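Participant: turn this into a structure:
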Amino acid sequence: MSSDANLDYEVIIVGAGVAGIYQIKRLIDMGVKATVLEADPDLGGTWYNNRYPGARFDSESYTYGYSFSQEVLDEWHWKEMFSGQPENLKYLNFVADKFKLREHMQFNCRVQAAVFDETNELWNIRVSDGRELTCRIVILALGLLSQPTMPRVEGVDEFKGRSWHTYNWPHEHVDLSDQRVGVVGTGATAIQVIGEIADKVGELTVFQRRPNWVAPLNNSEISEEEMDQIRARYDEIFETCARTPGGFEHEPDRR
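Facilitator: Next up is the predicted model:
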(Lines give C-alpha, C1' and ligand atoms only; values in the text may rest on other atoms or scores of the structure.)
Protein backbone atom coordinates (compact mmCIF):
# COMPACT_ATOMS: atom_id res chain seq x y z
CA MET A 1 0.00 0.00 0.00
CA SER A 2 1.27 3.47 -0.86
CA SER A 3 1.59 6.13 1.82
CA ASP A 4 -0.87 9.01 1.97
CA ALA A 5 2.03 11.30 1.08
CA ASN A 6 1.86 9.92 -2.46
CA LEU A 7 -1.82 10.83 -2.82
CA ASP A 8 -3.03 14.03 -4.46
CA TYR A 9 -6.34 13.73 -2.61
CA GLU A 10 -8.00 11.38 -0.20
CA VAL A 11 -11.28 11.70 -2.15
CA ILE A 12 -12.08 12.88 -5.68
CA ILE A 13 -15.69 13.69 -6.52
CA VAL A 14 -16.73 13.62 -10.17
CA GLY A 15 -19.48 16.15 -10.89
CA ALA A 16 -20.39 19.52 -9.34
CA GLY A 17 -24.15 19.17 -9.46
CA VAL A 18 -26.54 18.87 -6.53
CA ALA A 19 -24.92 15.69 -5.16
CA GLY A 20 -21.33 16.81 -5.79
CA ILE A 21 -21.88 20.11 -3.98
CA TYR A 22 -23.29 18.26 -0.98
CA GLN A 23 -20.49 15.69 -0.93
CA ILE A 24 -17.66 18.24 -0.97
CA LYS A 25 -19.34 20.25 1.81
CA ARG A 26 -19.57 17.20 4.07
CA LEU A 27 -15.99 16.08 3.35
CA ILE A 28 -14.60 19.56 4.07
CA ASP A 29 -16.48 19.59 7.38
CA MET A 30 -14.83 16.25 8.21
CA GLY A 31 -11.36 17.60 7.43
CA VAL A 32 -10.86 15.31 4.42
CA LYS A 33 -8.58 16.46 1.60
CA ALA A 34 -10.92 16.34 -1.38
CA THR A 35 -11.69 18.01 -4.69
CA VAL A 36 -14.46 18.07 -7.29
CA LEU A 37 -13.71 17.53 -10.99
CA GLU A 38 -16.38 19.07 -13.23
CA ALA A 39 -16.45 18.81 -17.02
CA ASP A 40 -18.54 21.97 -17.46
CA PRO A 41 -17.24 25.55 -17.07
CA ASP A 42 -19.24 26.03 -13.87
CA LEU A 43 -21.19 24.19 -11.19
CA GLY A 44 -24.83 23.18 -11.35
CA GLY A 45 -24.92 19.88 -13.22
CA THR A 46 -28.48 19.36 -14.45
CA TRP A 47 -29.38 22.96 -13.70
CA TYR A 48 -26.34 24.32 -15.54
CA ASN A 49 -26.96 22.37 -18.73
CA ASN A 50 -30.73 22.14 -18.99
CA ARG A 51 -31.87 25.64 -19.96
CA TYR A 52 -34.71 24.74 -22.29
CA PRO A 53 -38.02 26.67 -22.11
CA GLY A 54 -40.03 25.56 -19.09
CA ALA A 55 -37.19 23.77 -17.26
CA ARG A 56 -38.15 23.64 -13.60
CA PHE A 57 -38.66 21.42 -10.57
CA ASP A 58 -41.56 19.00 -10.76
CA SER A 59 -41.58 18.57 -6.99
CA GLU A 60 -42.07 21.34 -4.45
CA SER A 61 -39.02 23.62 -4.39
CA TYR A 62 -38.56 23.52 -0.63
CA THR A 63 -38.33 19.72 -0.65
CA TYR A 64 -35.59 19.81 -3.28
CA GLY A 65 -33.22 22.08 -1.33
CA TYR A 66 -30.46 21.04 1.07
CA SER A 67 -31.34 20.36 4.70
CA PHE A 68 -27.82 20.33 6.21
CA SER A 69 -27.62 24.04 7.05
CA GLN A 70 -30.08 25.94 9.20
CA GLU A 71 -28.58 29.19 7.89
CA VAL A 72 -29.43 28.27 4.30
CA LEU A 73 -32.94 27.24 5.31
CA ASP A 74 -33.44 30.56 7.11
CA GLU A 75 -31.91 32.79 4.43
CA TRP A 76 -33.16 31.32 1.16
CA HIS A 77 -36.60 32.29 -0.11
CA TRP A 78 -38.03 30.03 -2.79
CA LYS A 79 -39.92 32.32 -5.17
CA GLU A 80 -42.19 29.67 -6.70
CA MET A 81 -43.80 26.43 -5.60
CA PHE A 82 -42.06 24.74 -8.55
CA SER A 83 -38.92 26.77 -9.10
CA GLY A 84 -37.50 27.37 -12.60
CA GLN A 85 -33.99 26.67 -13.89
CA PRO A 86 -32.53 30.19 -13.41
CA GLU A 87 -33.61 30.26 -9.76
CA ASN A 88 -32.40 26.70 -9.17
CA LEU A 89 -28.95 27.50 -10.54
CA LYS A 90 -28.89 30.68 -8.46
CA TYR A 91 -29.65 28.60 -5.36
CA LEU A 92 -26.78 26.17 -5.99
CA ASN A 93 -24.39 29.09 -6.51
CA PHE A 94 -25.69 30.68 -3.30
CA VAL A 95 -24.87 27.53 -1.32
CA ALA A 96 -21.46 27.07 -2.97
CA ASP A 97 -20.47 30.70 -2.41
CA LYS A 98 -21.74 30.77 1.17
CA PHE A 99 -19.46 27.90 2.17
CA LYS A 100 -16.60 28.82 -0.23
CA LEU A 101 -16.93 25.49 -2.02
CA ARG A 102 -15.54 26.76 -5.33
CA GLU A 103 -12.08 26.67 -3.76
CA HIS A 104 -12.40 22.89 -3.82
CA MET A 105 -13.75 22.57 -7.38
CA GLN A 106 -11.93 22.28 -10.70
CA PHE A 107 -13.91 23.18 -13.82
CA ASN A 108 -13.41 22.20 -17.47
CA CYS A 109 -11.93 18.98 -16.12
CA ARG A 110 -13.51 15.95 -17.74
CA VAL A 111 -12.50 12.60 -16.26
CA GLN A 112 -11.32 10.38 -19.11
CA ALA A 113 -10.37 7.30 -17.12
CA ALA A 114 -10.36 5.98 -13.57
CA VAL A 115 -8.17 2.92 -12.98
CA PHE A 116 -7.79 1.21 -9.61
CA ASP A 117 -4.25 0.23 -8.66
CA GLU A 118 -4.78 -2.92 -6.60
CA THR A 119 -1.14 -3.11 -5.49
CA ASN A 120 -1.09 0.36 -3.96
CA GLU A 121 -4.84 0.47 -3.22
CA LEU A 122 -5.44 3.81 -4.89
CA TRP A 123 -7.21 5.29 -7.90
CA ASN A 124 -5.41 6.81 -10.86
CA ILE A 125 -7.62 9.47 -12.46
CA ARG A 126 -6.80 10.79 -15.94
CA VAL A 127 -8.20 14.28 -16.61
CA SER A 128 -8.86 15.96 -19.97
CA ASP A 129 -6.21 18.63 -19.28
CA GLY A 130 -3.51 15.95 -19.31
CA ARG A 131 -3.03 15.53 -15.57
CA GLU A 132 -3.10 12.24 -13.70
CA LEU A 133 -4.36 12.45 -10.13
CA THR A 134 -4.34 9.86 -7.37
CA CYS A 135 -6.81 9.33 -4.56
CA ARG A 136 -8.03 6.68 -2.15
CA ILE A 137 -11.76 7.04 -2.88
CA VAL A 138 -13.75 8.15 -5.96
CA ILE A 139 -17.32 9.41 -5.63
CA LEU A 140 -19.29 9.55 -8.88
CA ALA A 141 -21.88 12.33 -8.62
CA LEU A 142 -22.87 12.16 -12.28
CA GLY A 143 -26.64 12.08 -11.94
CA LEU A 144 -29.06 9.75 -13.68
CA LEU A 145 -29.64 11.87 -16.78
CA SER A 146 -26.25 13.40 -17.51
CA GLN A 147 -25.94 12.26 -21.13
CA PRO A 148 -28.43 13.17 -23.89
CA THR A 149 -29.96 10.46 -26.08
CA MET A 150 -30.48 11.49 -29.69
CA PRO A 151 -33.35 10.00 -31.73
CA ARG A 152 -32.21 7.23 -34.04
CA VAL A 153 -34.17 8.45 -37.05
CA GLU A 154 -32.97 7.97 -40.60
CA GLY A 155 -32.12 11.31 -42.21
CA VAL A 156 -32.07 13.32 -38.97
CA ASP A 157 -28.57 14.59 -39.81
CA GLU A 158 -29.88 16.05 -43.06
CA PHE A 159 -32.36 18.42 -41.40
CA LYS A 160 -31.65 21.95 -42.66
CA GLY A 161 -33.31 23.93 -39.89
CA ARG A 162 -32.15 24.63 -36.35
CA SER A 163 -32.33 21.73 -33.90
CA TRP A 164 -31.27 21.15 -30.32
CA HIS A 165 -31.51 18.45 -27.72
CA THR A 166 -33.02 19.99 -24.59
CA TYR A 167 -29.89 18.99 -22.65
CA ASN A 168 -27.74 21.08 -25.01
CA TRP A 169 -30.11 24.04 -25.28
CA PRO A 170 -28.23 27.27 -26.09
CA HIS A 171 -27.38 29.47 -23.12
CA GLU A 172 -28.37 32.55 -25.09
CA HIS A 173 -32.03 33.43 -25.73
CA VAL A 174 -33.71 31.52 -28.57
CA ASP A 175 -36.57 33.38 -30.26
CA LEU A 176 -39.22 30.85 -31.34
CA SER A 177 -41.95 33.38 -32.08
CA ASP A 178 -43.81 32.67 -35.34
CA GLN A 179 -41.58 29.64 -36.03
CA ARG A 180 -42.68 26.17 -37.16
CA VAL A 181 -41.51 23.95 -34.33
CA GLY A 182 -41.48 20.18 -33.90
CA VAL A 183 -40.97 18.47 -30.55
CA VAL A 184 -39.92 14.81 -30.56
CA GLY A 185 -41.17 12.91 -27.52
CA THR A 186 -43.69 13.45 -24.74
CA GLY A 187 -41.66 12.65 -21.64
CA ALA A 188 -41.36 14.98 -18.65
CA THR A 189 -38.97 17.37 -20.42
CA ALA A 190 -41.10 17.57 -23.56
CA ILE A 191 -44.20 18.33 -21.49
CA GLN A 192 -42.39 21.28 -19.90
CA VAL A 193 -41.21 22.58 -23.29
CA ILE A 194 -44.58 22.17 -24.99
CA GLY A 195 -46.46 23.97 -22.22
CA GLU A 196 -44.01 26.87 -22.30
CA ILE A 197 -43.81 27.47 -26.07
CA ALA A 198 -47.26 26.44 -27.34
CA ASP A 199 -48.70 29.96 -27.30
CA LYS A 200 -45.51 31.59 -28.60
CA VAL A 201 -44.64 29.66 -31.76
CA GLY A 202 -46.31 30.01 -35.15
CA GLU A 203 -47.01 26.28 -35.51
CA LEU A 204 -46.28 23.40 -33.15
CA THR A 205 -46.18 19.69 -34.02
CA VAL A 206 -45.52 17.06 -31.37
CA PHE A 207 -44.22 13.64 -32.43
CA GLN A 208 -44.98 10.95 -29.87
CA ARG A 209 -44.57 7.19 -29.93
CA ARG A 210 -47.33 6.55 -27.41
CA PRO A 211 -49.78 8.70 -25.40
CA ASN A 212 -48.69 10.12 -22.07
CA TRP A 213 -50.67 11.03 -18.95
CA VAL A 214 -50.33 14.71 -18.10
CA ALA A 215 -51.71 16.84 -15.26
CA PRO A 216 -51.57 20.63 -14.73
CA LEU A 217 -48.58 21.77 -12.65
CA ASN A 218 -50.60 24.44 -10.83
CA ASN A 219 -47.49 26.47 -10.07
CA SER A 220 -47.76 29.60 -7.92
CA GLU A 221 -45.57 32.25 -6.30
CA ILE A 222 -44.54 31.84 -2.66
CA SER A 223 -45.12 34.97 -0.58
CA GLU A 224 -42.96 36.04 2.37
CA GLU A 225 -45.69 34.89 4.75
CA GLU A 226 -45.98 31.51 3.04
CA MET A 227 -42.19 31.09 3.10
CA ASP A 228 -42.15 31.78 6.84
CA GLN A 229 -44.77 29.05 7.29
CA ILE A 230 -42.65 26.65 5.25
CA ARG A 231 -39.56 27.45 7.35
CA ALA A 232 -41.52 26.67 10.51
CA ARG A 233 -42.36 23.24 9.05
CA TYR A 234 -38.94 22.29 7.69
CA ASP A 235 -38.27 19.58 10.30
CA GLU A 236 -41.63 17.98 9.55
CA ILE A 237 -41.15 18.35 5.79
CA PHE A 238 -37.74 16.68 5.72
CA GLU A 239 -38.87 13.92 8.07
CA THR A 240 -41.71 13.13 5.64
CA CYS A 241 -39.36 13.23 2.63
CA ALA A 242 -36.95 10.83 4.36
CA ARG A 243 -39.57 8.10 4.69
CA THR A 244 -41.27 8.35 1.29
CA PRO A 245 -40.01 6.19 -1.61
CA GLY A 246 -39.36 9.14 -3.93
CA GLY A 247 -38.05 11.59 -1.33
CA PHE A 248 -41.07 13.85 -1.86
CA GLU A 249 -43.57 15.26 0.60
CA HIS A 250 -46.27 12.93 -0.70
CA GLU A 251 -46.98 9.30 0.09
CA PRO A 252 -47.82 7.03 -2.87
CA ASP A 253 -51.49 6.34 -3.53
CA ARG A 254 -51.74 2.60 -2.85
CA ARG A 255 -55.31 2.16 -4.07
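
Participant: could you chop the protein up by domain?
Facilitator: The chain breaks down by automatic domain parsing into domains covering 4-140, 156-207.

Participant: looking at these, which is closest to residue 252?
Facilitator: domain 4-140 (13.5 Å; C-beta to C-beta). Just so you know, the C-beta spots here come from the backbone N, C-alpha and C atoms, and that holds for glycine as well.

Participant: now the closest one, how far from the centre of its chain.
Facilitator: The chain centre lies 10 Å from the centre of domain 4-140; the measure is C-alpha atoms, centre = their mean, to the nearest Å.

Participant: how long is stretch 192-209 end to end?
Facilitator: Start and end residues of stretch 192-209 are separated by 17 Å (C-alpha to C-alpha, to the nearest Å).

Participant: can you offset everything so residue one is 6?
Facilitator: Sure, I'll start counting at 6 from here, so that last one is stretch 197-214.

Participant: now do the buried residues in that stretch.
Facilitator: 197-199, 201-202, 206, 209 (16 or more other C-beta atoms under 10 Å).

Participant: columns secondary structure on top of those, output as TSV?
Facilitator: Converted to TSV, the buried residues of stretch 197-214 look like this (DSSP: H, G, I helix; E, B strand; the rest coil):
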residue	secondary structure
197	helix
198	helix
199	helix
201	helix
202	helix
206	strand
209	strand
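
Participant: what's the closest of the residues you listed to residue 165?
Facilitator: Distances from residue 165 to these, taken as C-beta to C-beta, are shortest for residue 206 (18.2 Å).

Participant: tell me the bridge partners for the closest one.
Facilitator: Beta-bridge partners for residue 206, by DSSP bridges, are residue 182.

Participant: my guess is it meets residue 181, correct?
Facilitator: Yes. Counting by C-beta atoms under 8 Å, residue 206 does reach residue 181; the two are 5.0 Å apart.

Participant: neighbours of residue 195, how many?
Facilitator: 19 (other C-beta atoms under 10 Å).

Participant: excluding its backbone neighbours, what's nearest it?
Facilitator: residue 188 (5.5 Å; C-beta to C-beta, 6 or more residues apart in numbering).

Participant: tell me the secondary structure for the one you found?
Facilitator: strand.
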